Structures are given as C-alpha cells and as structure tokens.
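Engineer: one predicted model, sequence on top.
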Amino acid sequence: MKKWTRRAFIGTGILASGALVIGVAIRPGNRSSKVAGLIAEEGETVMNIWLKISPDNTVTAIIPHAEMGQGVHTTLAMMLADEMDADWSKVKFMEAPADKEYANYVVAKGFIAGNKTFPKFLEGTIDGVFLTAVKTMNFQITGGSASVRFTGQQGMRIAGAAAKAMLLQAAADTWKVPVEELKAEKSIISHPASNQSATFAELAQAAAKVKAPKQPRLKTPEEFTLMGTSQPRLDIPAKVTGAAKFGMDVILPNMKYATIKAAPVFGAKVKTVDTSIPSDSEGVLKVLNLENAVAVVAEGYWQAKSALDRLNMEFESTENDGKSQDDIFKGYQMAMDKALEEESIEEHFRSGDALIALSEAETIVEAEYQLPFLAHATMEPMNCTAWVHDGKCEIWCGSQNPLGAKAAMAEFLDISPEQVTVHNQLLGGGFGRRSETDVIKQAVAIAKEVDYPVKLIWSREEDTQHDVYREATISRMKAGLDQSGNPVAYSHQFLFKHHPPEAADIPYTVPNQLIQFTSPSSFVPWGNWRSVDHSVHGFLTESFIDELAFAAKKDPLAFRKSLTQDKPRFQKVLDLIQEKSDWDSPLPANWGRGIAIAQSFGSIVAEVAEVEVNVEGKVKVHRVVCVADAGFAIHPDGFKAQMESGIIYGLAAAMSGEITIENGAVAQSNFHDYQVTRMSDAPRIETYIINSGNPPGGAGEPSTPVIAPAVTNAIFNATGVRIRQLPISKTDLRVSIQQTT
Amino acid sequence: MINLTINGKEYPVEAPAGMPLLWVIREQCELTGTKFGCGIAQCGACTVHVDGQPIRSCITPASSVEGKNITTIEGIAPDENTLHIVQQAWIEEQTPQCGYCQSGQIMSAVALLNENPTPSDEEIEQAMSGNICRCGMYGRIKSAIKRASAALQASTSNPQLQ
C-alpha cells in the first residue's frame, strides 16, 4: 500500500540538507533549489519541481492538487510515470506543499486562455506571464475539473518526459553510446547493443546536470502504457481500513476542540453573549465572541457543543431579518423587469435579430423556470485545526485552495506568508465548498486566543446553514419555430453570471439568438457548487429545448441531433446514447425516458433517465445511461466513477435539494430536511466513454448539469407534466398519473 | 471513569453522562476511522458494532455500552496483514471516492452479511439506506457487497480459503 509521504512537508522548516538539488525546472527560471527544501529528503534528486528520484529507485510525483475522491493523485502520477517510463509499482506521490512555487499556473492558464489560445496544448515552454499572474492570485485550486486537463497535460507529462530525456542523455554520456540506441523501461535505462543498464536512481545525479529539453517529445496515445488504463487508485486501501486521515482526524499534542455558532442571518453581528465559563458545563475552557459568531473551546467536541447549545446569545438585527424565500424570488422578478425596462440588462450573446424573428415565427414557446439555493453537504462537516504560536500559524485541513488559505491567514494575522504553513489533508468531499477559507479563518481566530492547537468542528447544522450556496434563480425563455418546427429565434434572460463564462451558450443551431442577464444583489453567500453555472444552465437549456421538441412534434433526441449537425462530437454522443439507452423501445405505462446533453469542462455528456411515476406521484429513477465524449480518458474507471458521482450528486439536488430562507436565515439544518439520494433511491447507472482523440476533458463536474433535465424530461414523457421548478418534490404529480391511468 | 471494550482492548475513558460513544472513540481512544457526519443518526458515517449489531455511535451514550464488545472499522480485519473480505471487495470494486463515509458503509455491510450472507438487491438497499455517500458510490457499494457475499460463499465451501 502506498503511503502518503507527509514527512517531507510537515513543517517547511525541515530542510533536506543533503538533497541534491540540480536539474532544471520545467517552468521559467530554475526553481528546483527553492522547492527542494519543501519536497526532498537526503539522497533524493529533484529532477524538476514535479518529480524526484530516491536512492531506492522510487519516483515520486509531486502533485499540486487536493484529493477529494476524484483520484487525482493516482491519475496525475500515472501521466508523469507513463511519459517517464517509470516502473508503476515503484511510483509514489506526495501532495505539493502550499507554496507559491506550486501556484498552479497551468490550471490558471487553462481557465484564462482555454485550449483555444494554446492549440499546442502540450507545449513545454511556458512564458512567465501566467506564472506571475497566478502567484499574485495565490492560485493552487483543485476545481473546474481541471487537474488532468491542465496540470496533467501541461505539467505532469512534460515533467516526466523531460526527466526521461535527461536520464537517457546521462546514460549516453556515461556509456559513450548514441542516445537513439537507448531504451527506457520500468525505471531502467538500457543499451541492448552493449548489454549495459542502469536504474533511474543510478543515473539521477548525472541526469540532473543535463540541460533539460525545452520541448521534450511526448508519447502518442499508441505509445501509452499507463494512460488509458485503470490502475488501482493509490488512496483507496487506506480508505477501507479507517487509516486515511481527513482534516477531521488530525490529532496534535495538547489539542483542544471548538465548535461555533454563527449569526443565523447572514451578515448579522453578535449583540450579547456571556463569555464567562458556564458553571454547569464540564470541560469548557473558553467562550469567545467572534463578532459574527460565538465559539466554545473545550476538552472535546461534545462538551463544546453542549455548552454552546445552552449559551444565551443575541444577535443584532439586520435589514434581512424578515426576508423569506418568496421575497427573494419576488425580488428577482422585479430585478429582471427593471433591467429590461431600463435596458440595463447585459448581453451574454447575440446573433441575428431574435426579436424580429420571434415576431415572424409560426409558433412561440415561452417558459419561466425557477431553481432553488443548494448547499454542498459534504460528508465531512467543515473543520479546521489551527495553532498560532511563536509568530507562526499552522493549519491542518482539507482544502481545495491551500495557497489561498495561506495568503488569507497571513493577511488576517498580519504576518508574512512564510510564517503560515498549511498541512493539507484528505478532503471528505469538496464539490467547491472546500475552496472557501471561511472556516479556516474562524479556526485561526479562535487559535490566536489560546496557546494550544484547536480543532474547530462545525455541527452538521452549522454546515447546512452557513454554507456558500448555489444560487436560487429565475429564468425567462422564449423561442420561435418556423412552419416545419425548426427554431428560428431564441431569447433567454437569466440572473447572475459567475463561471464558466460559456455556461449559458446553447449548442444548437438557431440563427437568431439573444441571451441576456442581470445580477441583482443577494445577501445569501454564493459559492462554487459542482459544475457552477452549468448546474443552472444545463437544466434551463435542456428543459427548454425539450419543450421546443414537443412543440415541434419531434422526438427529443432526433430534434437535438437535427440542431447539432455542425458538431460531429455531439452527433456521435447522441447516436451512441440512442443505441445504449434503448431509446426507441417501448416502456410500461407511467414510465418515461428523457434525454439531456451538454458540453462542460471540455467533455460532452449526454444522459438518458428512465423514470416511473407511481399513483402516489412518487418519482423513481430506475436507470441512467450516460455517454461521455471524454476526449481521452486517462483513467477510464476513474472517469466512470466521476460520471456516476456527478449523476447522484445532481440527482439529489434535482429530486429534493432545496435550501430556503425564512426570517433571513436558512430553514434547513441536517439530512432530515435537506435530503440527499440514498441507495434505495439511486438508479442503475451505465456509463460509456468515447475517446474521440480530442484533448482530455474534465471528469469531476460534466455529468452533473444534465441529470436534472434528463429526469424532468423523462417525467414529462411519463406524465405530460413539465417541471419548471426544482426540486421535483415541489410538484404534485398525483393528478397527472390519475389522468393518464 | 468508565471502561469500554473496543476491538478487544480495554479503554478507561472519561465520559460524562450523555456523551455519545462517537466522541469517546474518536477523541479519547484516538480511533479516527469512525466518522462524524450528522450527529442525529441520519447519515451512518459513525456506524460501529456493539455485540455485533450495527449502531449509530453519534446518538449512543458511551455509558450505555460499558461491558459490551464494541467493534470499529479498525477492528474488523482478522489480523494486521489481512483485510476483511468486505474491505477486500471494496478495494476490488474501487468503491470509495472521498472515502469519508466508507468506514460506516463497511460496518453496515459487514453487519448485513453476518446476518444474511446472501442478500438480495432489495435487502442490500434496505440495510444500506441509512448510510449516505455524497460521492454517490451506491452502485459500487452494492457491487462490492455482492462480491464479498460471493467470496464468503467460496470461502465457506472451500475450507482452504478460510
């Protein structure tokens, strides 16, 4: 079993004095020497910032991403090892320390420029512009389904290939033979003609002195030995024995526990709280007024929580105290009306003249949709352990954004970032939630008031009520069809635009389009929620296109095909899902099939849901067929697992996911009233991957946006009821079934 | 001070009246494989066995299980070098993603198979629906339970494997 190599980065002060630091960084300038102190131990050779070779011939991939179940540590290590021809059984990984040297410029480059500006997505020389930008932004984020697409393709593979080229050159120089006659295989370089061979470790020191190639040759897919295979994930064995350590599991000498209650209404401040230690509480060490929250420190979580629950506290009133969910939706309608009236609405996309085309269309279809706030509800409630001592701050937590946390805490404590160390742990679910630093800041605020390490644990109630939420929203859609049912005009007004910027685009050929948005103010904090804006627009676009297909009296799948004829990848995905989902076969009464398709994060994913609506109006999703054009799936089983995961995550939201605001605060509190999908509600999922020869697409998010519309379109197919408000549980489907039976 | 027997080992612990077993296991015994998820027996992350029965340790007072045999995820493997058949099946099916819920899932699965070595799909769903997995690995959990069930059958019919 591979172990986390934590030793090297527990305390950045441990300098590997004997480590040989040579070679060249893949990134501009030679940075290896700066990072050696963070990653290397005695005797190890740092070939470049992403890989080191140990004397026992182990190759360690240094991965600047957090593991939250997506298998990123395994997959990125595979990409590096494959290019290097390293022996996979002797490859280890460690998570890169939260250090500016690992600011993830390739991810940022991907976000900023995409693959469009860099068609040679495997290029090895990178200008320093992005790196500078990234360092300034403190960017070491795991998100945007970006790890394989950017770090893997533009970092790990090049790092591996460059190291191999250097090792080959070192062998050629040593043995005085032409480099072309050498062979690299399973961490050994050999020269068959002279029957000589040496391990990577034996050649490492000489290799590190070789000038790194600027653009090392990368393998073609035919040459891959690891990429495209499903290697067992390195993080799994520890996850079945209980040995895996999450942020929640950190134990430090003399550590105490804290829990917290923030003002229920967002933005409110504490008015009164008695911070003296309650006489009836055992083990309580401290009660803290943190201005917008009250924290209790105790010998254990339960003691802290029991005391906190019994504390009398009052919060200042705010202008939002009386606000309800209805008020919020009414406010949205007003904001939309106002933006249209005052012509302050912003343009997302325009082609042709949608208004004229609408006025001339044969058939008009209009629909308004409404989506709720959503919480992340990661399995592991928010937590963070912090220790502020000797002018330093140490943090233990599972973060999607450790470098951001480091910078934020340095600013918060007014110390230099070098004095802040983030020990990143496994994440018990991320989904975007763990890219925030709010809980880390709370833990540090508590820790600076005491002289011991403190583990702050949020209750599930706190986690539900103080999340950063996928926004609730409304949307107005209108389209015009010509006499043959072809859409000639498409108009869409939506609220809020975060990212990715293209989320509201439609893949369908409609000559006249007007897509606009406005962004009303909201007092409910927003956060990245798995697939971000695609989680909204996947539902909107794919529900509405289904409505158009019905109005056009066309089969929903055939309709989508007819409108994506300029997109061969879409055509192939639609063809395959038609076959695999048995699209054209009949279903029993009260059963229905629905399809949805969307491109997001570089992958194109279609899903067909098969649902049954029973006489009580209860919806059961029996089966979901998923077809994904992954470009190239580096780890096919991992890709499939991500599709399955994204589907269940999106399904939970579609069926019952709803955060509502009452009296300015979140009304839900735990899994009994924020219900998620359980095994008894989980459909059978079949996933088919298309390797289309395009660059690898994202895996973590692209299956989420399409599940809600696939299910609601299936419900329409089963019942004739069009669901325009999520979650589905808001709609009473009993009547529709009685009518049809 | 009470004495708890966890994985066959005695732990003298301080557990004030009402303190849930979960926090004693995690904070005092430092067995962190058992997880906190909800605190109200909704998610199953804290599942442990008491005298072989699966219970939610987040709502079970520690004082109520004194003198009973408590088993946590750290205690189900037959020995240090061998995994439990269910753990092995979990690896073979590549079941966990984030892994946070998996201790609880495995404890529920072990209890199910102890009671019913050849559960049907419906029986698996019924036994496992108290365990939430936010990574949505229900299909793989179900497959892993079936694989473990098959392995159990093979090992009982072939004594050499036992």
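Structural biologist: Arrived safely. Numbers count the residues shown, from 1 in each chain, chains lettered A, B, ... in the order given.
Engineer: per-residue pLDDT, residue 2?
Structural biologist: Picking chain A for this. The confidence metric pLDDT takes the value 31 at A:K2.
Engineer: think we crossed wires, I meant chain B
Structural biologist: Residue-level pLDDT assigned to B:I2 equals 95.
Engineer: spit out the contact partners of the nearest residue to it once chain neighbours are set aside.
Structural biologist: With C-beta to C-beta, 6 or more residues apart in numbering or on different chains as the criterion, B:I2 has its nearest non-adjacent residue at 4.9 Å, and that residue is B:E66. Backbone N, C-alpha and C define where each C-beta goes, glycine included. The contact partners of B:E66, taken as C-beta atoms under 8 Å, 6 or more residues apart in numbering or on different chains, are B:2-4.
Engineer: do the same with A:V296
Structural biologist: A:258-260, A:284, A:286-288, A:304-305, A:307-308, A:311.
Engineer: residue boundaries of the strands in chain B?
Structural biologist: Listed from the start of the chain, chain B has strands (DSSP state E) covering B:2-6, B:9-13, B:47-50, B:53-56, B:69-71.
Engineer: partners of the second one, with directions?
Structural biologist: It refers to strand B:9-13. Using DSSP bridges, the neighbouring strands of strand B:9-13 in the sheet come out as strand B:2-6 (antiparallel).
Engineer: ok, back up a step: as CSV, the contacts of B:E66 with neighbour count and distance to A:K269 would be great.
Structural biologist: Output for the contacts of B:E66, formatted as CSV (neighbours: other C-beta atoms under 10 Å in any protein chain shown; distance: C-beta to C-beta, whole Å):
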residue, neighbour count, distance to A:K269
B:I2, 15, 42
B:N3, 10, 46
B:L4, 23, 43
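Engineer: pLDDT at residue 109, what is it?
Structural biologist: Here I'm looking at chain A. 54.
Engineer: meant chain B actually
Structural biologist: 98.
Engineer: I figured it hits B:G130, correct?
Structural biologist: No: B:A109 is not in contact with B:G130 according to C-beta atoms under 8 Å; the separation is 11.8 Å.
Engineer: just want to know which of the two has more residues nearby.
Structural biologist: Set side by side, B:A109 and B:G130 give different neighbour counts by other C-beta atoms under 10 Å in any protein chain shown, the larger being at B:A109 (30 against 18).
Engineer: tell me which residue in chain A sits closest to chain B.
Structural biologist: When distances are taken as C-beta to the nearest C-beta, chain A approaches chain B most closely through A:G242, which lies 2.0 Å from it.
Engineer: leaving out chain neighbours, which residue sits closest to that residue?
Structural biologist: Using C-beta to C-beta, 6+ apart and skipping residues adjacent in sequence, the residue nearest A:G242 is B:G33, 2.0 Å away.
Engineer: so how many other residues sit close to the one you found?
Structural biologist: 26.
Engineer: can you give me every residue that contacts it?
Structural biologist: A:241-243, B:72-74, B:103.
Engineer: what residues does the stretch 51-200 of chain A have near chain B?
Structural biologist: Taking C-beta under 8 Å from any C-beta of the partner chain as the test, the list of the stretch 51-200 of chain A residues beside chain B reads A:68-71.
Engineer: Three-state assignment for the closest residue to A:D505 other than its chain neighbours, please.
Structural biologist: Counting by C-beta to C-beta, 6+ apart, the nearest residue to A:D505 once its immediate chain neighbours are dropped is A:F349, at 6.3 Å. Put simply, A:F349 is strand when judged by DSSP: H, G, I helix; E, B strand; the rest coil.
Engineer: distance of whatever residue of chain B ends up closest to chain A relative to A:A238?
Structural biologist: Of all residues in chain B, B:G33 sits closest to chain A, at 2.0 Å by C-beta to the nearest C-beta. From B:G33 over to A:A238 the distance is 10 Å, taken as C-beta to C-beta, to the nearest Å.
Engineer: for the helix or strand where A:T541 lies, packing partners?
Structural biologist: In this structure, A:T541 is located in helix A:533-551 according to DSSP states H and E. Other helices and strands packing on helix A:533-551, by 3 or more C-beta pairs under 8 Å, 6 or more residues apart in numbering or on different chains; DSSP states H and E, are strand A:363-371, strand A:473-481, strand A:487-495, helix A:556-562, strand A:591-600, helix A:636-656, helix A:707-719.
Engineer: the residue nearest to A:D85 when sequence neighbours are not counted: which element?
Structural biologist: Of all residues beyond its chain neighbours, the one nearest A:D85 is A:A184 (4.1 Å), with distances taken as C-beta to C-beta, 6+ apart. Under the assignment given by DSSP H and E, the secondary-structure element containing A:A184 is strand A:183-185.
Engineer: and that strand, which strands flank it?
Structural biologist: If you go by DSSP bridges, strand A:183-185 pairs up with strand A:188-191 (antiparallel).
Engineer: please list the residues outside the partner strand that contact it.
Structural biologist: By C-beta under 8 Å, 6+ apart, the residues outside strand A:188-191 that reach it are A:87, A:167-168, A:171, A:175, A:177, A:181-183, A:196-200, A:203.
Engineer: any regions of chain B where pLDDT drops low?
Structural biologist: Within chain B, the segments meeting pLDDT under 70 span B:158-162.
Engineer: ok, the residue most central in space within chain B to A:L548 distance?
Structural biologist: When chain B is reduced to its mean C-alpha position, the closest residue under C-alpha atoms, centre = their mean turns out to be B:M107, at 1.7 Å. Between B:M107 and A:L548 the distance, using C-beta to C-beta, works out to 50 Å.
Engineer: same check, this time on A:G69
Structural biologist: If you go by C-beta to C-beta, the gap between A:G69 and A:L548 works out to 37 Å.
Engineer: just want to know which of these two has more residues nearby.
Structural biologist: Here A:G69 and A:L548 are set side by side on neighbour count (other C-beta under 10 Å), and the busier one is A:G69, at 31 against 26.
Engineer: what ranges do the helices span in chain B?
Structural biologist: Per DSSP state H, chain B has helices spanning B:21-23, B:85-92, B:102-115, B:121-128, B:138-157. These are given in chain order.
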